[in-house]
Structure formats: structure tokens, C-alpha cells
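*Asks:* Model the structure of this input:
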Amino acid sequence: KTKTNEVKYKDIFFNIIFPSIVIFNFSIKVNLLIRVKSTKTQISWNYMDGPLKNLLVVDLTRVLVGPYCTMILSDLGARVIKIEAPEIGDDSRKFGPFIEEYSAYFMSLNRGKESIALNLKVEQDKKIFDKILSKADILVENFKPGTLEKWGYGWENVSKKYPKLIYASASGFGQTGPLKELPAYDMVVQGMGGLMSVTGQPNSEPTRVGTSIGDITAGLFTAIGINAALYDRQKTGKGMYIDVSMLDCQIAILENAIARYLAKNEIPKPMGSRHPSIAPFEAFKTKDSYIIIAAGNDRLFEKLCELLAMPEMVKDPKFSDNSSRAVNMDELKTTLENKLISRNTSEWIKDMEKEKIPCGPIFNIKEAIENPQVEARNMIVKAFHKKIGDFKLAGNPIKMSTYKDEKTRGDIPDLDEHRVKILKEFS
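*Replies:* Predicted coordinates for the structure are as follows:
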């Protein structure tokens, strides 16, 4: 009877119980595999693939200069966690234009980022922030100098805890100098940086550059500094502090204007569309609009004169070389326009492009965005917002052979949207 029962139990085990265990284990593994795979797919969809992949950026910035910098880092593959003020969020969430109640301004700069609302004056929130910061590679902030020091997050304190952290500060006037504690916006540094003094038409009122170049250049220089610091960290194993001033960046891009003053002690003035030392290099009237002609050397000017059926201009002492043309810009412009007004801009461009003479129309924003060249370069992409759906925005002008330039960017975050996810990950 015992042997019979033993055989019976063996049959039950091998024919029923054991296969059930195998099937159960297999189903668990498949389930786990599916979950892991789906999680990876979601993450890789939201984060861009690029050379900064697997780097974590803590983004303490708002409005434009800082978010522009961290947007570049995100486009290059970094994961960006945006720390925002509770209830208020980034100031730019209140800037127009709006789609429904959502700021297109904010959305254009913060695609692909995660948002969590933290008050760094509150102890509980500081503990959460510390946990995130302990895993970070880069911290970017654009508070007024001294603000983070008051909260215990200045460079000296943070670098002791996290010696590999790259800490970048972008501010109006930098961390040193007599103006360091003053606030600044783009318009302020455009004025103080000399840029507005050379922008606009002669004798016109002060003219702001059409985009926020004070913020954007500082964002670009901060991103450049961060990437250089990452390379340095590979060699030294140490992080560093990066201090970028919006005013400094305006001085850095004055180009010909600063060279003219430092070399000749001349104070440049607005010249409209002209270049101060190259001619012809400006906008000229045509029959229906304007055309940009940039004949940057004597050979190009000769080709231009041949195309315009004005070969005698090349032999004229007033126009025979660039230096002579730069002295006689007014007469040169009048002479060329007398010919150019006989045809439409598109007709001239067609002929000049055949001769490889640098030229172009003056597009409005609609025409610029709809230019087939812009489309071919994937410079208008889209990001998803859970309430308004797909949102079109400017793409990344950096094209890299190793990484695909995707047509879709990561999602646009609502304020504090990723709190649960981030708390779970960094608990």
C-alpha cells in the first residue's frame, strides 16, 4: 500500500504539480520581462538619445537663460529634473502666448524635462532635494548671487558633499564685481553690453535685437562650459564651478564693434543692415521687396557686376576693392539699387544662386519656418502635452552622425507632474 501511494504521489507531482510550478515561474519571468521592456521603452521615448545620455541634470532655473541651457542638455541626451516653486512654478508658465491656459513660451523651452515642486526653505523638501542632488552630475541655477548660499546650497557647501558635481550659475552680472547683486533681464544687458548702440537705423531710437539674445547667448555659453567641465571631470575625477554672466556674454559677441573701438578708438554707431567693413553686404531694394547681397570678397563682387551687366564698376577706383567700397557705401548702394529695382527679388535670387553669389530674401517668421531647407534640416519638431496634444517647436541645430535627430521630443511637464515618480525613485 505504501509503495502504491508513493507511486501515486510521484505521478501527481511530476504530472500535475511540477508542470504547474514551471508554468507559473515562466509566466512570472515573462511578466517581469514585459514590464521591464515597457518601462525602458517609455524612458527612452521621453529622453533623447545623445552623447549626454545617462547624465542627470538638476535644473533650478526659470524663465529663459537657464531653461534654454538645460533644454540644450536635454536635446543632447541628458535627463533633466526641473525643480519648481510650489504652486507658482517657473515664472514663464505665466508668459504668453497661450494655448488654452498653457504657456507656449514655457512649453518651447521645457520639453523632455521632469517637474517636481520643492520649497528649498522647508526642511522636508530639502531632504528630497538632497537625495536627488546626491545622484546628479550637473546642477544649473540662475538665482540672484547669494540666494542658494542662504539656503545652504552654495558651491562651497555642495562641492564638499558632492565633489564630482558640476555646478553652473548663470546670472545677470556674475558672481563677482560691483553689480553682482543686481537683478537683470535680457533688455538690461542688451543696453549695458553696447549691443543696442549698434542696432537699428542711423539716428533711430534705441532698438532691441528682435530675440532675447542676452538670455540666449548666456544659455549657450553655460551649456558650452558644462560640456567642457564634463570632459575635464573625465580626466580629473572632480567637478567644478561655472560662473556665467549675461553682461559678459554680450561683451563677448560684440565682434567687429569691440575690435573697432579697441584698435582704432572709434565708437561704432547703428548702420541698419550694413556691415561696417565689408561691401556690398546689406539689404537692397528690388522691384517688389528687398534682397540681401553679401559679396564678401573682390571675386564675388566681380561676379555680381558681371551678372548685373555692370562690368565697369570693377574698374572704378571707388569700387575696385573692398576697402574702397567700404569707404563709398552710400554711392555703391545707390548704383546697385538703380539696377536691382528692375526685377523682383525671387528673379534676382534665382540668377545669383546659379553663380553662387551669397544672397537671400528677408523672410517673416511664417516664411522662415515654412522654408523647405528648414524642414529638410528637421528644425521644426513636436513635443506632447497631455492636455493640448502635439505642440510644434524649434528643433536642435546640432546634428550628430552617431545619433538620430528625432522628429519628436520628450513630453512637456505640468507643474509637479513627476512628484510620485521622482519620490519613489529617490526615496
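*Asks:* Low-confidence ranges, this structure, go.
*Replies:* Filtered on pLDDT under 70, the chain yields the residue ranges 1-46.
*Asks:* ok, now with 90
*Replies:* 1-48, 427 (pLDDT under 90).
*Asks:* List the buried residues for stretch 301-314?
*Replies:* 301, 303-305, 308, 310, 313-314 (16 or more other CB atoms under 10 Å). For glycine as for every other residue, the C-beta is placed from the backbone atoms N, C-alpha and C.
*Asks:* Run through who's touching it.
*Replies:* 280, 293, 295, 319-320, 322, 325, 335-336, 339-340, 351-352, 355-357 (CB atoms under 8 Å, 6 or more residues apart in numbering).
*Asks:* Mind putting the buried residues of stretch 301-314 into JSON lines with secondary structure and distance to A228?
*Replies:* Converted to JSON lines, these look like this (DSSP: H, G, I helix; E, B strand; the rest coil; distance: CB to CB, whole Å):
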{"residue": "F301", "secondary structure": "helix", "distance to A228": "40"}
{"residue": "K303", "secondary structure": "helix", "distance to A228": "41"}
{"residue": "L304", "secondary structure": "helix", "distance to A228": "41"}
{"residue": "C305", "secondary structure": "helix", "distance to A228": "46"}
{"residue": "L308", "secondary structure": "coil", "distance to A228": "47"}
{"residue": "M310", "secondary structure": "coil", "distance to A228": "49"}
{"residue": "M313", "secondary structure": "helix", "distance to A228": "47"}
{"residue": "V314", "secondary structure": "helix", "distance to A228": "46"}
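*Asks:* could I get the residues you listed as CSV with distance to Y167?
*Replies:* Converted to CSV, the buried residues of stretch 301-314 look like this (distance: CB to CB, whole Å):
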residue, distance to Y167
F301, 50
K303, 52
L304, 52
C305, 56
L308, 57
M310, 59
M313, 58
V314, 57
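*Asks:* Which member of those residues is positioned nearest A104?
*Replies:* Distance to A104 across the buried residues of stretch 301-314 (CB to CB) is lowest for L304, with 41.4 Å.
*Asks:* gap between that closest one and Y105?
*Replies:* L304 sits 41 Å away from Y105, taking CB to CB, to the nearest Å as the criterion.
*Asks:* try K386
*Replies:* Distance of K386 to Y105, computed by CB to CB: 18 Å.
*Asks:* between these two, which one's more packed in?
*Replies:* Taking neighbours as other CB atoms under 10 Å, K386 and Y105 compare with Y105 leading, 19 against 10.
*Asks:* Apart from its chain neighbours, what residue comes closest to the more buried one?
*Replies:* Distances taken as CB to CB, 6 or more residues apart in numbering put F95 closest to Y105, at 4.1 Å, once the chain neighbours are dropped.
*Asks:* Next: N297.
*Replies:* N322 is the one closest to N297 (CB to CB, 6+ apart), at 7.0 Å.
*Asks:* right, and that neighbour touches P280 too?
*Replies:* No: N322 is beyond contact range of P280, at 9.7 Å (criterion: CB atoms under 8 Å).
*Asks:* picking that back up, burial of the residue nearest to N297, as a residue count?
*Replies:* N322 has 19 nearby residues by other CB under 10 Å.
*Asks:* got it, and L182?
*Replies:* Neighbourhood size, L182 [other CB under 10 Å]: 13.
*Asks:* what's it in contact with, if anything?
*Replies:* Going by CB under 8 Å, 6+ apart, the list of residues near L182 reads 172-173.
*Asks:* all numbers from here: first residue = 4
*Replies:* Sounds good: first residue 4 from here, last item L185.
*Asks:* Provide the secondary structure category for it.
*Replies:* coil (DSSP: H, G, I helix; E, B strand; the rest coil).
*Asks:* any idea how far F176 is from it?
*Replies:* 6 Å.
*Asks:* swap in L303?
*Replies:* For L303 relative to F176 (CB to CB), the value is 42 Å.
*Asks:* what's stretch 141-153 in contact with?
*Replies:* Counting by CB under 8 Å, 6+ apart, 58-66, 68-69, 72-73, 76, 81, 123, 136, 157, 160-161, 168-174, 177-178, 183-184, 186, 225, 229, 233 sit against stretch 141-153.
*Asks:* at 7 Å instead, please
*Replies:* The set of residues external to stretch 141-153 that reach it, using CB atoms under 7 Å, 6 or more residues apart in numbering, is 58, 60-64, 68-69, 72-73, 136, 157, 168-174, 178, 183-184, 186, 225, 229.
*Asks:* Pull out the buried members of those residues.
*Replies:* Applying 16+ other CB under 10 Å to the contacts of stretch 141-153 flags 58, 60-64, 68-69, 72-73, 136, 157, 168-174, 178, 183, 225, 229 as buried.
*Asks:* In strands only, show me these.
*Replies:* The strands in this structure, assigned by DSSP state E, contain 60-63, 169-174 from those.
*Asks:* who touches K424 in this structure?
*Replies:* Applying CB under 7 Å, 6+ apart, no residues contact K424.
*Asks:* swap in A329?
*Replies:* 280-282.
*Asks:* quick one: which of the ones in strands among the buried ones among the contacts of stretch 141-153 is nearest H421?
*Replies:* The nearest one, if we look at those relative to H421 and count by CB to CB, is D62, at 12.3 Å.
*Asks:* any idea how far that closest one lies from K130?
*Replies:* Taking CB to CB, one finds D62 at 19 Å from K130.
*Asks:* number of nearby residues for the closest residue to E117 other than its chain neighbours?
*Replies:* Once flanking residues are discounted, E117 sits nearest to H421: 4.0 Å by CB to CB, 6+ apart. Counted by other CB under 10 Å, the residues lying close to H421 total 18.
*Asks:* Just to check, H421 is in contact with A120?
*Replies:* No: using CB atoms under 7 Å, H421 is not in contact with A120; the gap is 10.0 Å.
*Asks:* ranges for the strands of the stretch 304-430 of the chain?
*Replies:* Assigned by DSSP state E, counting those that start in this stretch, the stretch 304-430 of the chain shows strands spanning 362-363, 383-388, 392-397.
*Asks:* What ranges does the stretch 304-430 of the chain have for its helices?
*Replies:* Per DSSP state H, counting those that start in this stretch, the stretch 304-430 of the chain carries helices over the ranges 315-318, 325-330, 332-343, 348-357, 368-372, 375-379, 422-429.
*Asks:* Of those, which is nearest T405?
*Replies:* Nearest to T405, of all these, is helix 375-379, at 20.2 Å by CB to CB.
*Asks:* Residues contacting the closest one, please?
*Replies:* Outside helix 375-379, the residues that touch it by CB under 7 Å, 6+ apart are 371, 383.
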